[in-house]
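# A structural model of the following input is requested.
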Amino acid sequence: MWRACARPDVLAPVPVLALALALGLASPVVVAAATQDGGGSQLRDRVFGRNLPPVGRYVSEQGVGFVLDRSAGRRPLLRFDGRPETWALRPSPAPRGDIIYRTDAGDEVLRITPDGGITLYTVQNPRGTPVSAVGPAEALEPDPITPVELSRALIRQSGLATRALGRTVLLEAPDVIPGSEALVADTAAVAVDAVARVARAESLRGRATRLRRILIVNGERPDVRLVAGTLRISVQPALGPAGRPSSALILQAVAGDD
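Presented below is the predicted three-dimensional model:
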């Protein structure tokens, strides 16, 4: 294990971050009631045995493109075109043998029928829109990075958070497990993006100013809490890209009440 700590001495520029989320902190997909992972091995076999490629690119009738990666054998991964975040989806059974994919915040993203038909749910189309397969795609597993690259990434992200809030925000990862550097860097980027989104919303900026430090630690499960000015994010490296909380949960922690 090794220790990484980012403490910027100067303000770094932050890119323009569009507030894609509503003030109610919905993720880029329509909000639905949260559900637990269910179904055990039978559901898992049904999810991965459908008439779909391990990794494929899809486009909805409204032109929303995304990659769905089911190759890892764990939770399916999804990334929308033009978006940096990879979403880890949780399958749950639905009527008629369908399977619903949700984010860790309970947001319904996809519905897949027994023959492999897909419906995409978005804020713009909460009732769902059909999806067509475009072709194969590359897996969404991140490329590994070195400890030095991670240190640079943490310094850069700390600078972005500092610029967004107008004062120093520390970003620390005290116990990085070798091999999990890419996950920690991704977690830092997702967290800082969420902080910047809250800071750019006039009605929520006051809540973001409570933040003094972002701390990324290893935990039994992905989790996020804001306590006494510290945004504590727990990651589980064994889960790979699914081992961190999504931006939706981080947004809720930053913008929520103490």
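# what's the local residue count around the residue nearest to Thr146 when sequence neighbours are not counted?
Once flanking residues are discounted, Thr146 sits nearest to Glu181: 6.8 Å by C-beta to C-beta, 6 or more residues apart in numbering. From N, CA and C alone the C-beta is placed, and that goes for glycine too. Counted with other C-beta atoms under 10 Å, residues neighbouring Glu181 total 24.
# Glu181 touches Glu149, doesn't it?
Yes - counting by C-beta atoms under 8 Å, Glu181 does reach Glu149; the two are 7.1 Å apart.
# quick one on the thing from earlier: how far away is the residue nearest to Thr146 from Gly128?
38 Å (C-beta to C-beta, to the nearest Å).
# just to check, Arg90 is in contact with Tyr101?
Yes - if you go by C-beta under 8 Å, Arg90 and Tyr101 touch, sitting 7.0 Å apart.
# which of the two has more neighbours?
Tyr101 (25 against 19).
# OK, contacts around the more buried one?
76, 78, 89-91, 108-112 (C-beta atoms under 8 Å, 6 or more residues apart in numbering).
# and it, which of the three is it?
Here Tyr101 is recorded as strand under DSSP: H, G, I helix; E, B strand; the rest coil.
# identify the bridge partners of it.
Pro91, Leu110 (DSSP bridges).
# any idea how far it is from Leu77?
10 Å.
# overlap of the contact sets of those two?
With C-beta under 8 Å, 6+ apart, Tyr101 and Leu77 have common neighbours Leu89.
# run through the chain and note the low-pLDDT ranges.
Applying pLDDT under 70 to the chain flags the ranges 1-51, 72-74, 257-258.
# which residues in it form helices?
For the chain, the helices defined by DSSP state H cover 40-48, 147-165, 181-200, 205-208, 247-255.
# which of those sits closest to Val224?
helix 247-255 (4.6 Å; C-beta to C-beta).
# please report how far Gln252 lies from Glu220.
Counting by C-beta to C-beta, the gap from Gln252 to Glu220 is 20 Å.
# same question, Ala153
For Ala153, the distance to Glu220 - C-beta to C-beta - is 25 Å.
# neighbour count winner among those two?
Ala153 (22 against 7).
# how close does the nearest residue to Gln236 once chain neighbours are set aside get to Val190?
In this structure, Gln236 finds its nearest non-sequential neighbour in Gly243, 4.2 Å apart by C-beta to C-beta, 6+ apart. Distance of Gly243 to Val190, given as C-beta to C-beta: 12 Å.
# for Ile118, what are its contacts?
Counting by C-beta under 8 Å, 6+ apart, Ile118 touches 52, 58, 68, 110-112, 130-131.
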